[in-house]
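A.B. asks: Return a 3D structure for these sequence lines:
(one chain, ligands or ions: 1)
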Amino acid sequence: MDSPLVTQLFRQLFRSHPACQSRRNLAALSSCIRDGRRTQSHQQRRGMASGHGRQPVERGAKSKLDDSETNWQQRTELFSLDMTDEYKSYPTVTAKELRSRRERPRKVKMLMRDFIEDSLYNPHYGYFSKQVVIFSPGEPFDFNALRDEPAFHAELGRRYTEFEDALDAQKPDPTRQLWHTPTELFRPYYGEAVARYLMSNYVMSTYPYHDLIIYEMGAGRGTLMLNVLDYIRDVEPSVYDRTKYKIIEISPSLASLQASRLAESAGHAGKVEIINRSIFDWRERVPSPCFFLAMEVFDNFAHDVLRYDLATEEPLQGAVLIDGRGDFHEFYEPALDPLAARYLRVRHAATGGRYRLPYSSSRALRWLKGHMPFAPNLSDPEYVPTRLLQFFDILEKYFPAHRLLTSDFHTLPDAIKGLNSPVVQTRFERRMVPVTTPLVHQGYFDILFPTDFGVMEAVYGAVTGKLTRVTTHEAFMRSWAYIEDTQTRSGENPLLSWYTNASVLVTV
Ligand SMILES: C[S@@+](CC[C@H](N)C(=O)[O-])C[C@H]1O[C@@H](n2cnc3c(N)ncnc32)[C@H](O)[C@@H]1O
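C.D. replies: Next up, the predicted model:
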């Protein structure tokens, strides 16, 4: 599948015809992606089907600057425009400044993390503001009655179709973004495993001196909250009496879905508070001991992009210029902004210098490669989780007695080129369409990053001073789930064998 062509069509589709969404363009896009290869794997991301992209990333212009200035742009694209003058004259904006804007910006530049954050989170055109539906399978799967894993997969596919047919009957939408998460697929067993972890750690640590206070950041449909509270109520009423559950949710539509599901579920209403806010806007100090849950939320936190000068090993930070037509151009500057610089310092100190870099450690090899025809002057990109560092600052400052429980992907299939690079994907006519660059029409693409749990654990420890343990998703479930609940007749157990690319970190 020709991924840039898809990207281009999407941009054309949504830029030139934002209102009418021309049928002709949709048909062209549809036939273009029809041949996308479908993959089925036990490595999960959020969509049901996927295709593959192969082409190089659209990147900034070939520079016309003299040699002393060539670091500003990667020397690989031969025929693209030189936008250096625009880069010098256009104002710099941030995602925060763009929040009040209803139109995608033009004739501006910004750091890559601001571009990603604006694309995902802008309240008016961002991906989270309107595009996302989280799949619910309806009744929980009866795993014990299913023959084996393929039978589970087939049943899941059937329910996916049913779910989407029902949505289409209300309002057809070829660009509907539909996700699934383990919370939903393995409901209620996944939530029950989390509840067992919370209850037993609460009982062993702060019970009876403190209440059981649970914060959940990014609660999706609210399913984890309902499953955790149901379980605590049924199994340990005395703990339930002392339980408070608070959701911090950025999406207004998901926050209201959580509220209406809570209202339907007789009983828990007095226990739950839903706070419709980004965690990055949190300003209240919570001195009490609490558990802080974050399931599949880090992956959307904006990252910065760095490339390294292959001769000096100095990092350069990526910025994006948006021209007057809404096209994107990528630039690299040798001066790092304070947050990226701090991330590199903290990472280096926290890991004792043990982390991967996107270039060979051998100078000789780099020199040789650098003298090949058309060799780039900078390394491949590395995406660094600068927003995650700010999230740890928030935990440290406002939740000093928290214990974190977080699960996320440690690797993702179909990621774009680079180290720690994201998957950039959209869903069109019920198919996942991955593309090869994050520089795509803002708001229509999910941009999700893997988490390097080794580095994250070190950075979290350095910022919060807390000790942690990292396990695989499977190991966590083996410890806390009743795995017989999710076993098929053949003995295969999707709760354990799916999400092999996910890990769990807990504060100990
Ligand atoms: C992939 S969904 C996961 C939902 C749920 N945790 C689950 O596992 O089913 C990510 C969730 O995080 C929320 N979210 C993303 N960024 C956030 C932020 N900065 N602050 C609060 N919530 C956020 C999204 O709106 C969504 O509810």
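
A.B. asks: so how many other residues sit close to the residue of the stretch 301-450 of the chain at minimum distance from the ligand?
C.D. replies: Distances between the stretch 301-450 of the chain and the ligand by CB to the nearest ligand atom are smallest at Phe301, namely 7.0 Å. Using the backbone N, CA and C atoms, a C-beta is placed for each residue, glycine as well. By the measure other CB atoms under 10 Å, the count of residues near Phe301 is 25.

A.B. asks: ok, now the one 5 residues further on?
C.D. replies: Counted with other CB under 10 Å, residues neighbouring Leu306 total 26.

A.B. asks: What strand or helix carries it?
C.D. replies: Using DSSP states H and E, the secondary-structure element containing Leu306 is strand 304-308.

A.B. asks: Next, the residues that contact that strand from outside, please.
C.D. replies: Contact with strand 304-308 is made by 74, 111-113, 314-318, 332, 336-337, 339-340, 343, 357-359, 378-384, 386, 418, as judged by CB atoms under 8 Å, 6 or more residues apart in numbering.

A.B. asks: Give me the subset of the residues you listed lying in strands.
C.D. replies: 111, 315-318, 332, 382-384 (DSSP state E).

A.B. asks: among those residues, which are within reach of the ligand?
C.D. replies: Near the ligand, taking CB under 6 Å from any ligand atom as the test, no member of these is found.

A.B. asks: Distance to Val305 and pLDDT for the residues you listed - can I get that in CSV?
C.D. replies: Rendered in CSV, the data for the ones in strands among the contacts of strand 304-308 read as follows (distance: CB to CB, whole Å; pLDDT from 0 to 100):
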residue, distance to Val305, pLDDT
Leu111, 9, 98
Pro315, 10, 98
Leu316, 10, 98
Gln317, 7, 98
Gly318, 4, 97
Tyr332, 8, 96
Glu382, 7, 98
Tyr383, 5, 98
Val384, 8, 98
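
A.B. asks: and those residues as CSV, adding distance to Pro287 and neighbour count?
C.D. replies: Putting the ones in strands among the contacts of strand 304-308 into CSV (distance: CB to CB, whole Å; neighbours: other CB atoms under 10 Å) gives the following:
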residue, distance to Pro287, neighbour count
Leu111, 34, 25
Pro315, 38, 21
Leu316, 42, 22
Gln317, 37, 23
Gly318, 39, 26
Tyr332, 43, 24
Glu382, 37, 22
Tyr383, 35, 26
Val384, 31, 26
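
A.B. asks: Pass me the low-pLDDT residue ranges in the stretch 51-200 of the chain, would you?
C.D. replies: Filtered on pLDDT under 70, the stretch 51-200 of the chain yields the residue ranges 51-80, 130-131.

A.B. asks: At which residues are the strands of it located?
C.D. replies: If DSSP state E, counting those that start in this stretch is used as the criterion, the strands of the stretch 51-200 of the chain fall at 108-111, 132-134, 177-179.

A.B. asks: by contact count, what packs against the longest one?
C.D. replies: Pointing back at strand 108-111 there. strand 315-322 (3 or more CB pairs under 8 Å, 6 or more residues apart in numbering; DSSP states H and E).

A.B. asks: if we look at the strand it packs on, which residues are touching it?
C.D. replies: For strand 315-322, the surrounding residues in contact (CB under 8 Å, 6+ apart) are 60, 71, 83, 86-87, 90, 92, 104-112, 115, 304-309, 328-337, 340, 344, 378, 381, 439.

A.B. asks: in its sheet, what does that strand sit against?
C.D. replies: Within its sheet, strand 315-322 is paired with strand 108-111 (antiparallel), strand 304-308 (antiparallel), strand 328-333 (antiparallel), according to DSSP bridges.

A.B. asks: Just checking the distance from it to the centre of its chain.
C.D. replies: Counting by CA atoms, centre = their mean, to the nearest Å, strand 315-322 is centred 21 Å from the centre of its parent chain.

A.B. asks: Also stretch 219-226?
C.D. replies: Its chain's C-alpha centre lies 17 Å from the corresponding centre of stretch 219-226 when counted by CA atoms, centre = their mean.

A.B. asks: What mean pLDDT does that stretch get?
C.D. replies: Averaging the model's pLDDT scores along stretch 219-226 yields 97.

A.B. asks: Return the member of the ones in strands among the contacts of strand 304-308 nearest to Phe292.
C.D. replies: Using CB to CB, Val384 is the member of the ones in strands among the contacts of strand 304-308 that lies nearest Phe292, at 22.7 Å.

A.B. asks: Double-check the closest one against Arg345; I have them as touching.
C.D. replies: No - the pair formed by Val384 and Arg345 falls short of the contact definition of CB atoms under 8 Å, at 11.8 Å.

A.B. asks: one step back: okay, the strands paired with strand 315-322, which one's buried deepest?
C.D. replies: Between the strands paired with strand 315-322, strand 304-308 has the highest mean count of neighbours, a mean of 24, where neighbours are mean count of other CB atoms under 10 Å.

A.B. asks: dump the residue contacts of the residue of the stretch 101-250 of the chain found nearest the ligand.
C.D. replies: With distances taken as CB to the nearest ligand atom, the stretch 101-250 of the chain approaches the ligand most closely at Gly218, which sits 2.2 Å away. Neighbouring residues of Gly218 by CB under 8 Å, 6+ apart: 248-250, 279, 294-297.

A.B. asks: ok, it to Leu404 distance?
C.D. replies: Between Gly218 and Leu404 the computed distance is 13 Å (CB to CB, to the nearest Å).

A.B. asks: residues in this structure within reach of the ligand, list them.
C.D. replies: By CB under 6 Å from any ligand atom, the part of the chain that sits against the ligand consists of 128, 179, 181, 183-184, 217-220, 248-251, 254, 278-280, 295-297, 300.

A.B. asks: okay, and the common contacts of Gly218 and Leu404?
C.D. replies: Looking at what touches both Gly218 and Leu404 (by CB under 8 Å, 6+ apart), the common residues are Ala294.

A.B. asks: Buried residues in stretch 186-201, which are they?
C.D. replies: Using 16 or more other CB atoms under 10 Å as the burial criterion, the residues of stretch 186-201 that qualify are 186-199, 201.

A.B. asks: Nice, that's everything, thank you.
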